[in-house]
Every structure is written in C-alpha cells, then in structure tokens.
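>>> compute the structure for the input listed below.
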Amino acid sequence: MIDEGARVAIGDIDSALAERTAGQLGSGTVGLPLDVTDRVSFADFLDRVEQRLGGLDVVINNAGIMPLGPFIEETDAIASRLVDINLHGVITGSKLALEHFSKRGGGHLVNIASTAGKTGFAGGATYCATKHAVVGLSEAIRAETRDSGIDVSVVMPVVVNTELGSGLPEPRAFKRVEPEDVADAIVEALQTGRYEVFVPRSVGLLMRSKALVPTAVADWVAKVIKGDQVLAKPDHAARAAYEARMAQTIPGSDPATAPASEGSNPERETQAA
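Just a heads-up that it's a prediction; the model follows:
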C-alpha cells in the first residue's frame, strides 16, 4: 500500500511493536496502540489516525488468534477469547469504519478471514466458526452498503508463512503463501473493488467446487490432498514460543498448551489508510 502512495497507520495491542514496525516501514507510517476487543480503544485509534493522516479511505481488520486442538478439549476461556478477537473485534472495527466512511461518502472495508471461512478443518473448530462468521458478516455489510460508495472485500488466504504457520503440515495442492502475497492481493482488491479475495486465487476454485459435489467426494479430495490434516496435526514443538506467549492472554491457560496466534503479536494489528 505504501508503494502505491497510501499513508498508513498500524494499530497493535503492543504499542511499542506498532511504533517499531511503523518505523521500519517508513514513509510516514504511524504506529498506535489498539485493543480490538475494546470499542473505546478502537474508536480512539481511528480518530487519531484521521487527526494525523487525514480522512480514512481504507480500514483493514486484521486481528485474529488461532488456537489448535480437539474441540472437546477447548476451554471456555479459549473459545471466548477467540470470539472476542476474531469476531467481535471485526464487528466493532467494521461498524466504526463505516461511521467514518459514511461521513466521507465512501471508503473500502477489508476484513481478513481465511479459507477456514469457507470450510471446516478438524483441530480448529471454533476458529473456523469465527472465520465463517467474518465471511458472512462481510457479505451482509456489502449487501447493506451497495451503491453507497463503500466497497467491501473479504480476504481468504491459505496458511501464511508467518510464525502462525510454523508446525502446520502443508497440503499437496497448495503451498503456504508469503505475507507479501496477501498484501499484493489486498492492493489489487482496493484497485478493482473485488469482493472475494482468495490467496492464492486458485484456492477459490477448490472452495467453489466443494459446494457442487457430494460430501463424500469432497471428503475424499480433502484426504487425497491432505487438506484434512492442516490444523489437525500441528507440530506443537515448532509452535512452542507462540503458544507460550498466547497463554499469557487467556485466563487459566497452561503456557505449555496454550494456542498460537496470527502475526507478530497474540492480537494482530488493524491497519488504516
């Protein structure tokens, strides 16, 4: 986005990290504190962005965590934290973004979901539920804002090569993508107004085909390409640092078994431009 001339602000619960990242990006990028589970914090973030950079044209809801493990073993605290960050955070960010866009007569809302928002994966049941919710939320917002000058995009990548993806087996059909691939897809969506953004784009064909074949066939395909193992068989040793850090954010979690999170921090940042 910066290469395209955008003025960017990054919000993260770790304000020092947000500032360091902004400094590394340069070009006047701003790093600010943001807790996506706190409406006041989110509203203050967007207000401060407008004060420092001008009116909001784009908001990217990018916060999320991804606990892994059998559904029956998931604690209520983990489930609540998942919903608070992955869903309520996106709901709050979307509402606040639309308030700003409505005043300006336009804007582009980008919600980061996952291919897990189109299908269910063993080992990540509640995570998949929140990502399905983000996809449905985005579709409904798009229907409400159509012809208003406000665009909506939902981004659905496969496993991204961040610390989140460490220890996850790779399916035969799709290799993990780089963060830059996701960023490029977002920029393209901003330029074209595309709603559904699969990364890589070819995974969209697989997701759409799944809806057209019998369940038994879809299950067979998932088994052949080992897509059914992506979240079900993580290497927890390779994810240990992430899981230990995540334990600090979930009441009652054991640092040795706590879930991993997306991005460089348990609560990943939201971007505004």
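
>>> and the pLDDT at the residue nearest the centre of the chain?
With distances taken as Cα atoms, centre = their mean, I112 lies nearest the centre of the chain, 3.7 Å away. In this prediction, I112 carries a pLDDT score of 97.

>>> go on, V155?
Among the per-residue scores, V155 shows a pLDDT of 98.

>>> what about L32, which SS state?
Following DSSP: H, G, I helix; E, B strand; the rest coil, we place L32 in the strand state.

>>> hang on, the earlier thing: show me what contacts the residue nearest to the centre of the chain?
Contacts for I112 were tallied using Cβ atoms under 8 Å, 6 or more residues apart in numbering; they are 60-62, 64, 134, 154-155, 157, 182. For the C-beta atoms, the positions are set from N, CA and C on the backbone; glycine is no exception.

>>> and if we set it to 7 Å?
I112 makes contact with 60-62, 64, 155 under the criterion Cβ atoms under 7 Å, 6 or more residues apart in numbering.

>>> looking at those residues, which are in strands?
60-61, 155 (DSSP state E).

>>> report pLDDT for P234.
As predicted, P234 sits at a pLDDT of 90.

>>> in the helix ranked longest in the chain, which residues are buried?
Criterion DSSP state H: the longest helix present in the chain is helix 125-145. Neighbour-count burial for helix 125-145, counted by 16 or more other Cβ atoms under 10 Å, picks out 125-135, 137-138, 141-142, 145.

>>> got it, and stretch 57-76?
Within stretch 57-76, the residues scored as buried using 16+ other Cβ under 10 Å are 57-69, 74-75.

>>> ok, and the helix or strand in the protein with the lowest average confidence?
None of the helices or strands of the chain scores lower by mean pLDDT, DSSP states H and E than strand 260-261, at a mean of 38.

>>> ok, G165 touching V159?
Yes. Using Cβ atoms under 7 Å, G165 is in contact with V159, at 4.4 Å.

>>> who touches both of these two?
Contact criterion Cβ under 7 Å, 6+ apart; residues shared by G165 and V159: R176.

>>> need the pLDDT of R146.
We have a pLDDT of 93 for R146.

>>> how close does K210 get to A222?
8 Å (Cβ to Cβ, to the nearest Å).

>>> which one's more surrounded, these two?
A222 (20 against 17; other Cβ atoms under 10 Å).

>>> look up phi and psi at the residue lying closest to that one once chain neighbours are set aside.
Nearest non-adjacent residue to A222, counting by Cβ to Cβ, 6 or more residues apart in numbering: D228, 4.5 Å away. Main-chain torsions, D228, degrees, to the nearest 10: phi -80, psi -10.

>>> i'd like the first residue to be 29 from this point on
Understood, numbering begins at 29; the last thing we discussed is D256.

>>> re earlier: nearest to T277, of the contacts of I140?
Using Cβ to Cβ, G92 comes nearest to T277 of these, at 12.7 Å.

>>> the chain: helices as residue ranges?
In the chain, the segments counted as helices under DSSP H are 43-53, 67-81, 104-110, 117-132, 153-173, 207-220, 230-238, 243-252, 268-275.

>>> now the ones you listed in JSON lines, with distance to P262?
Compiled in JSON lines, the helices of the chain are given as follows (distance: least, Cβ to Cβ, whole Å):
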{"stretch": "helix 43-53", "distance to P262": "25"}
{"stretch": "helix 67-81", "distance to P262": "31"}
{"stretch": "helix 104-110", "distance to P262": "15"}
{"stretch": "helix 117-132", "distance to P262": "23"}
{"stretch": "helix 153-173", "distance to P262": "12"}
{"stretch": "helix 207-220", "distance to P262": "20"}
{"stretch": "helix 230-238", "distance to P262": "20"}
{"stretch": "helix 243-252", "distance to P262": "17"}
{"stretch": "helix 268-275", "distance to P262": "9"}
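
>>> fine, thanks again, bye for now.
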